[in-house]
Structure formats: C-alpha cells, structure tokens
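Enquirer: Starting from these lines, generate the structure:
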Amino acid sequence: MWRAVLFCVWGLGSVLAQEVSAPADLANLYAQSVDRRLEVPAEVQLAYAQQALAALAQAGLVNLPAQVLVVVDSNPNVQALLLLWTAPGAAPQLIGASPVSTGHPGRFDYFETPLGVFEHSVANLDFRAEGTKNENGIKGYGEKGLRVFDFGWQLSPRGWGDRRPSTMRLQMHATDPTWLEPRLGSAQSKGCVRIPATLNKFIDHYGLLDADYEAAMQKGAHFWMLDPQRQPTSWSGRYLVVLDSGSKERPAWATAGNGAKHANPATACR
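Expert: I've put the predicted structure just below:
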C-alpha cells in the first residue's frame, strides 16, 4: 500500500498536503520542486530503464521489490540523471530527470566516474554539507545542510598519468550554487556525481535512496543526518546505477552546461 506523504515547498516556508498514491504523484512533485529538469522522450526513458535493469541483473540483483532507482548517464555528451520507479511485472516509470556533472579526467586527482551498480547503505554513512568554501571560494558540497550521499570507496580509472585504476570515494551531492551549478550538464567533477540542490532536497526529503536506513531504523538505529521532517515513501530504493550510453553527440533533450566562465573547473574541490 502506498504511503501518504506531505510535499514541502522548500524556501517558501509552507507545506502543501498532497497524497502520493502512485509514482505519477511523485513525478508531479518532482516537476513542482526540482528547478533543473530534462524532458526525456518516452523511448529514451525505456532504453535507460532496460540498461539499468540489465546492470542490476548482471550484479545479481533480480526480482527487487518496487523501488526508485537513481540512474546516471556519465557520457560526456549527456550528463543526465533519471529517477526511475521500477516494480516486478510493471512498466518502469520516470519520476524525473535533471542535468548532472560527473568525472572530468585530464588533470591530477580527477577520476572517471565509475560505471556499475552502487549500493547506498549504512556501511558508508552520509553527512551534511557545512557550506564552507575552499581556498578558491568554492562550496564543493553546496549550501550548508545539504545531504552528501556516500557510496563508499570504489575502483575507477585515474584521469591523469597512466590512467591506472585506483580508489576514489564515490559520492552524490550538490555543488556551489553560483559557480558550478550553472555548469551541470557538462562533465566537471573529480569523479563524484554533482546534482542540483533542489534535486538533492527532493531525494533526501522523500528518502528515495534510504531503504537501508529505513531497515536499520526498524531495528532501533538512529541517524543524526536524517531530517526529522522527512517523509519517506514506501518505495525507497538503495541503488545508484551509473552507465555510459555511448552517445556520440548531445541528444536534443539533454541540456548542456551553460559554459559560463565563472570559475575554472580545476579549482573546484570535488
């Protein structure tokens, strides 16, 4: 049975009571609250869903319960994230899509974003951004209080030197709202997945990656980084699927970063 949730209009200080009884309701909330969105054609949505489910199956993850998957296309010509609702015997449904930034190899300490299926679990606890700036005036994790989703240490090719695989900490997080968020839609990061701040809040508020946290809390665990006002749905997931579509050119639906020359990507901290 679907769980009724409340939709919080972040930044407006008000709460609109809206029942979420189907994935389409969550998709409507996405459209209302996430400010950087992509309109993905139906046939492209289906192709991504098939690729993501194939990646899960290859990882031995089959017959999963109804849940939301976070799917990222790290192809330099795409740089997009899709939230997909999936359930056994049901057609996948798109909750929403937004531009992101993944790894931009070519300089020291910059990795390729690893491909594969990555579990979001309490083995690698999340934390929240402090909102501090680095020596270049960049808020690498974005504004204070935004959640940093941690997927642990992963093996990925270095973007410099001999390009040998090495370990990097894979995270998904917001980024500097002035200098780097306008560049979403282009590869910019040190290997992590940068997402819009409003999407960060959406995933956090509805617990869309919190299945493992929910299971642990049912056993009595407590987590300081979880917002007490959060309203998790009954289809919380736990998987980030990163793939490369192989696109040789930018699809019409994928919006590129605006290329504003506010900051040198090399000065970004993450």
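Enquirer: residue ranges of the strands in the protein, please?
Expert: Taking DSSP state E as the criterion, the chain carries its strands at 5-9, 14-18, 67-73, 80-86, 93-99, 116-119, 127-128, 147-157, 165-173, 193-194, 239-243.
Enquirer: Could I get those strands in TSV, plus columns for mean pLDDT, distance to residue 61 and mean neighbour count?
Expert: (C-beta placed from N, C-alpha, C; glycine too.) As requested, those are arranged in TSV below (pLDDT from 0 to 100; distance: least, CB to CB, whole Å; neighbours: other CB atoms under 10 Å):
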stretch	mean pLDDT	distance to residue 61	mean neighbour count
strand 5-9	40	26	18
strand 14-18	42	31	11
strand 67-73	98	10	25
strand 80-86	98	11	24
strand 93-99	98	19	23
strand 116-119	98	7	18
strand 127-128	98	26	16
strand 147-157	97	15	18
strand 165-173	96	18	19
strand 193-194	98	20	27
strand 239-243	98	7	23
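Enquirer: want to throw those into a markdown table with distance to residue 106?
Expert: As requested, the strands of the chain are exported to a markdown table (distance: least, CB to CB, whole Å):
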| stretch | distance to residue 106 |
| --- | --- |
| strand 5-9 | 40 |
| strand 14-18 | 45 |
| strand 67-73 | 20 |
| strand 80-86 | 21 |
| strand 93-99 | 20 |
| strand 116-119 | 22 |
| strand 127-128 | 29 |
| strand 147-157 | 12 |
| strand 165-173 | 15 |
| strand 193-194 | 17 |
| strand 239-243 | 19 |
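Enquirer: which one of the ones you listed lies closest to residue 139?
Expert: Nearest to residue 139, of all those, is strand 165-173, at 10.5 Å by CB to CB.
Enquirer: the inter-axis angle of that closest one versus strand 67-73?
Expert: On the basis of axes from the mean of the first three to the mean of the last three CA atoms, to 10 degrees, strand 165-173 is oriented at 120 degrees to strand 67-73.
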